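Engineer: Give me a 3D structure for the following:
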Amino acid sequence: MIKKIRYKFISITLISLSILLSFLMIAINWVNFTQVTTNADKIINFLENKESFETDKPSFNQQDGMPVETPFETRFFVAKFDTTLSDDKKYEPIEVNTSFVKAVSKEEAKIYASKVYKGKQDSGYEKNYRYRKYVSKTNANEIWITFVDCSRQLELIDNFFKISIIVISIGLILAFIAIFFISKLVVKPIEESDARQKKFITDAGHELKTPLTIISANNELIEMINGENEMTHTIDKEVKKMSSMVKNMTELSKLSEGTLLSKKEAIYFSLSNILYSACTDFSTSFVNKNISFKFSITPNVYIRGNENKITELISIILDNALKYSKSICQIFLLVKKNELIILQQNDGNDIKVGNMNQIFSRFYRSEEARASQIEGSGIGLSIAKEIVTIHRGKIEAFGDKNNLFNIQISFPIYKRKKIKNVI
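Structural biologist: From the prediction side, this is the model:
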C-alpha cells in the first residue's frame, strides 16, 4: 500500500508538472505565432492599397505601426485573377509579380496562387507564406492575392518549439530524480503510521486470544456443571464470532501490505478443480436454504498463485452469496483471451444498478444486513479483495438490470492444460 501511495505521488506530481510546462510551452509558441501572423496581416493591409508595384520596395509609414526596417525585411509576391474569363482559364493568374522575392519563381508563384484561388479560405498560410484574397478596389472583376514570406519568423518559432521540448524533457527527467527521493520523505510518516497500526492489530489479536480462550474454557466448565442453556449458548456463539474476527483482522493486516506473490509462493494449480470442489461443498447449504444454486465451470483452467489463498477467496465469495441470496445463486468460470473470469451472481433486496465496490471496504455492512441480523463482521470481502490484489487480479461488485448482485474477479495470467481427473 505504501508503495502504491508513493508511486501515485510521483505520477501525479510528474503529470501535473508535465501539463503545466506543456501549457506554458504551447502558450508561448502560440503567442509568437499570433504575433507573426498579426505583423504579416499589417503588411498585407498596407499592400492592399496598392494596385501596382514598382521595382523599389514599397515604403511603410511609421503610423502604420511597423518598424522602420520593415521595407528592407519584407519579402512578398502578388497575383491577379480575372473572374470574367472562361472556366478553363479563370483559375490561372493573369499577372504575377515576384520582383520582391527571390525564393519563389514565377512558375511556383502561379502554382501557389492558383491553389489558394481555388480554395475557400480568404486568408491563411500556404507553406511559409501568409496570404489574403481580396477584390481589387478599382475593378470588381479582379481578384488579388498577396503572399508575404514568413519563413524566417516561422523557422525561429519552430526552433524555439524544438528547444522547448528538449528543455522540458531534461527538466522532467531531473524532476523525476528529485521527486523520487523526496517521495520517500513524504510517505515516511504514512509508512510509520501504517506500521504502528499493523503492529497494534497484531498485538491486539494476540492479547485477545488469551481472554477469549479463558472465557470459552469457563463457559464449557459451566455447561459441564449446570448443563447448556441460552446464556452459555450465546456466550459460545459470541466467543467464536470474536475469535473469527481477530483471526480475520490479523490476516487482513498481513495481506494489506500489498506484496505480490514471490516465485517460490506461486505455483500452477487447477482453478477448475478448486472451484468445482467448493461449489460442490456449498451446494448442500444452498439447498437447505431453498436457494437455487447453479455453476458452470470451464475445465482445464490453471492459474499461477497460492492455492490456499485462492481456495479461501472462493469460500469467502460463496459464503457471502449463501448469506445474502434470496432464491437464486450462480457462479461461472470463463476464459476470455488472456484473462480468466470468475463471475458470481445472486438476487437480493434493494440491489442498485451500477457500481457497488464499497462492499470491499473494511467492516462495511449495509443497513439491511445489520437490520436482518445476518452474521458477519464486514471483513471477509476485504480479505477477498487483498487476495485478488496480490495475485495481480481485479475484483469488482455491481448490480445489473436483472436485479442481480454481481461479483466479478478477473486474473490476467492463466494456463490451460489437458490433464486426467480434471472436471
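
Engineer: Which residue ranges of this structure form strands?
Structural biologist: Per DSSP state E, the chain carries strands over the ranges 76-82, 95-97, 123-126, 129-135, 142-149, 267-270, 292-297, 301-305, 328-336, 339-347, 354-355, 394-399, 404-411, 415-416.

Engineer: For these, give me JSON lines that also has mean neighbour count, mean pLDDT and distance to residue 171.
Structural biologist: Every C-beta, even on glycine, is put in place using the N, C-alpha and C of the backbone. Formatted as JSON lines, the strands of the chain follow (neighbours: other Cβ atoms under 10 Å; pLDDT from 0 to 100; distance: least, Cβ to Cβ, whole Å):
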{"stretch": "strand 76-82", "mean neighbour count": "23", "mean pLDDT": "90", "distance to residue 171": "40"}
{"stretch": "strand 95-97", "mean neighbour count": "17", "mean pLDDT": "88", "distance to residue 171": "48"}
{"stretch": "strand 123-126", "mean neighbour count": "15", "mean pLDDT": "91", "distance to residue 171": "31"}
{"stretch": "strand 129-135", "mean neighbour count": "20", "mean pLDDT": "91", "distance to residue 171": "33"}
{"stretch": "strand 142-149", "mean neighbour count": "23", "mean pLDDT": "91", "distance to residue 171": "34"}
{"stretch": "strand 267-270", "mean neighbour count": "16", "mean pLDDT": "85", "distance to residue 171": "46"}
{"stretch": "strand 292-297", "mean neighbour count": "16", "mean pLDDT": "91", "distance to residue 171": "54"}
{"stretch": "strand 301-305", "mean neighbour count": "21", "mean pLDDT": "86", "distance to residue 171": "41"}
{"stretch": "strand 328-336", "mean neighbour count": "18", "mean pLDDT": "90", "distance to residue 171": "43"}
{"stretch": "strand 339-347", "mean neighbour count": "20", "mean pLDDT": "88", "distance to residue 171": "39"}
{"stretch": "strand 354-355", "mean neighbour count": "8", "mean pLDDT": "87", "distance to residue 171": "39"}
{"stretch": "strand 394-399", "mean neighbour count": "17", "mean pLDDT": "90", "distance to residue 171": "35"}
{"stretch": "strand 404-411", "mean neighbour count": "20", "mean pLDDT": "90", "distance to residue 171": "39"}
{"stretch": "strand 415-416", "mean neighbour count": "13", "mean pLDDT": "48", "distance to residue 171": "45"}
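
Engineer: Kindly present these as JSON lines, with separate columns for distance to residue 278.
Structural biologist: Formatted as JSON lines, the strands of the chain follow (distance: least, Cβ to Cβ, whole Å):
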{"stretch": "strand 76-82", "distance to residue 278": "82"}
{"stretch": "strand 95-97", "distance to residue 278": "85"}
{"stretch": "strand 123-126", "distance to residue 278": "69"}
{"stretch": "strand 129-135", "distance to residue 278": "74"}
{"stretch": "strand 142-149", "distance to residue 278": "78"}
{"stretch": "strand 267-270", "distance to residue 278": "12"}
{"stretch": "strand 292-297", "distance to residue 278": "9"}
{"stretch": "strand 301-305", "distance to residue 278": "14"}
{"stretch": "strand 328-336", "distance to residue 278": "9"}
{"stretch": "strand 339-347", "distance to residue 278": "11"}
{"stretch": "strand 354-355", "distance to residue 278": "26"}
{"stretch": "strand 394-399", "distance to residue 278": "17"}
{"stretch": "strand 404-411", "distance to residue 278": "13"}
{"stretch": "strand 415-416", "distance to residue 278": "20"}
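
Engineer: what about the stretch 251-400 of the chain, any weak spots by pLDDT?
Structural biologist: 251-264, 363-378 (pLDDT under 70).

Engineer: Kindly state which of the strands of the chain is positioned closest to residue 45.
Structural biologist: strand 129-135 (8.7 Å; Cβ to Cβ).

Engineer: That closest one pairs with which strands, and in what direction?
Structural biologist: Pairing partners of strand 129-135, with direction, according to DSSP bridges: strand 123-126 (antiparallel), strand 142-149 (antiparallel).

Engineer: Pull the distance from it to the chain's centre.
Structural biologist: Chain-centre distance of strand 129-135: 45 Å, with Cα atoms, centre = their mean, to the nearest Å.

Engineer: Please save the CA atoms from that strand in CSV.
Structural biologist: Presented in CSV, the C-alpha positions along strand 129-135 are these (Å, rounded to 0.1, in the frame of the first residue of the first chain):
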residue,chain,number,x,y,z
TYR,A,129,3.6,32.4,-46.9
ARG,A,130,0.8,34.3,-45.2
TYR,A,131,-1.8,35.1,-47.9
ARG,A,132,-5.0,37.0,-48.3
LYS,A,133,-7.6,37.1,-51.1
TYR,A,134,-9.3,40.4,-51.8
VAL,A,135,-11.3,42.2,-54.6
